[in-house]
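**Q** Fold the following, please.
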Amino acid sequence: MPAKTIISPSDLADLIERCAVKVLDASWYLPGEARDPHREYLAARIPGSRFFDIDRIADSDHSCPHMLPDARQFARQVESLGVGSDDLVVIYDGKGLFSAPRAWWMFRAFGHDQVRILSGGLPAWQSHGFPVESGEATQSESDSDFKAEYQPQWVADKERVRAAMGTPDVLILDARSAPRFAGEEPEPRPAVRPGHIPGSRNLHYAGVIAEGGQGLKSAAELNRLFAGVGIDQAGSVITTCGSGISACILALALHELGRSPVAVYDGSWAEWGADPACPIEKG
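**A** I've put the predicted structure just below:
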């Protein structure tokens with residue numbers, strides 16, 4: 001059984017007091033939300049935390065948004081945040097549980113297992129009465145050395161997804177809303193067709209999050225939800241979504257149930273839906 005990933009605000013407060021953790025704010029918001037994650041980080045952040053920019057720690061040469069960078073770039077950028085290979089990392093976001101799983105998955109994709117997610121994110125931290133700071137975190141000279149080793153079992157590309165289509169023991173699980181999955185509403189990105197990957201199943205990411213955004217639902221509820229989309233018949237799972245953010249929430253939920261690693265289709269629908277050579281289904 002993999003180690004549990006979610007930790008409580010009180011557990012994080014204890015780790016911070018003992019200087020036994022590196023804390024990262026990995027907030028990211030959908031374009032329509034009109035929120036600036038870095039500005040919000042500067043206004044109120046967990047003491048000592050650094051900002052993990054999902055859009056910047058990415059492959060800038062790829063046409064799709066926030067694609068996984070190569071190992072050298074990832075290592076260099078997390079070292080600049082003071083994170084070394086021996087560090088325990090705790091990640092949070094400003095929604096409670098939305099984009100932090102993306103950063104968690106990125107660390108796992110580069111071989112760093114000592115990474116946790118704060119249950120309920122910054123809202124839960126503040127509701128428990130723990131302090132926040134403002135402005136950029138100060139960082140003294142660091143000799144952090146991060147060794148990134150790419151773990152392909154955590155990542156799916158377009159070719160792997162295409163090969164999985166129609167394979168009975170591979171479940172392709174789409175985290176988008178039901179109307180987007182069905183192709184009943186236009187995609188937010190230009191030149192991206194509506195619909196879904198043929199043979200894939202749909203489980204909206206919001207369905208696995210507890211009421212109020214304070215972490216994941218119970219194991220019993222998660223097992224019921226995943227059973228409903230055919231997890232019991234699947235030998236392996238590939239999760240997908242709009243651009244690779246919410247797919248990581250499903251991967252996290254499956255990890256917490258002991259089903260790991262789960263491959264995330266990094267390009268997701270932003271890549272698949274934009275490629276006329278990739279088949280689609282609607283309904």
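**Q** Could you pull up the residues touching the residue lying closest to residue 215 once chain neighbours are set aside?
**A** Take residue 215 and drop its neighbours on the chain: the residue closest to it by C-beta to C-beta, 6 or more residues apart in numbering is residue 119, 4.0 Å away. No exception for glycine: its C-beta is placed from N, CA and C like everyone else's. Contact partners of residue 119, counting by C-beta atoms under 8 Å, 6 or more residues apart in numbering, are 6-9, 97, 214-215.
**Q** Mind doing that once more with 7 Å?
**A** 6-8, 214-215 (C-beta atoms under 7 Å, 6 or more residues apart in numbering).
**Q** now do residue 200
**A** Taking C-beta under 7 Å, 6+ apart, one finds 172-174 in contact with residue 200.
**Q** Ok, residue 222 next?
**A** By C-beta under 7 Å, 6+ apart, the contact list for residue 222 reads 208, 216, 253, 257.
**Q** for residue 48, same thing?
**A** 16, 23, 137.
**Q** Model confidence score at it, please.
**A** At residue 48, the model reports a pLDDT of 95.
**Q** Quickly find the element holding it.
**A** Residue 48 is part of no helix or strand when elements are defined by DSSP states H and E.
**Q** That one and residue 213, how far apart?
**A** Between residue 48 and residue 213 the distance, using C-beta to C-beta, to the nearest Å, works out to 23 Å.
**Q** Repeat that for residue 272.
**A** In this view, residue 272 and residue 213 are 28 Å apart by C-beta to C-beta.
**Q** Compare neighbour counts for those two and give me the winner.
**A** residue 272 (24 against 17; other C-beta atoms under 10 Å).
**Q** Can you give me the pLDDT of the more buried one?
**A** The score at residue 272 is 98. That number is its pLDDT.
**Q** list the contacts for it?
**A** Residue 272 makes contacts with 158, 197, 278, as judged by C-beta under 7 Å, 6+ apart.
**Q** The residue nearest to residue 257 when sequence neighbours are not counted sits in which helix or strand?
**A** Leaving out its chain neighbours, the residue that sits closest to residue 257 by C-beta to C-beta, 6+ apart is residue 222, at 5.8 Å. Applying DSSP H and E as the criterion places residue 222 in helix 219-227.
**Q** Could you double-check that residue 13 lies in contact with residue 130?
**A** Yes - using C-beta atoms under 7 Å, residue 13 is in contact with residue 130, at 5.5 Å.
**Q** Quickly list what's touching both of these two.
**A** Contacts common to residue 13 and residue 130, judged by C-beta under 7 Å, 6+ apart, are absent.
**Q** Measure how the helix or strand containing residue 239 sits relative to helix 219-227, angle-wise.
**A** Taking DSSP H and E as the criterion, residue 239 maps to strand 236-240. Strand 236-240 runs at 90 degrees relative to helix 219-227, counting by axes from the mean of the first three to the mean of the last three C-alpha atoms, to 10 degrees.
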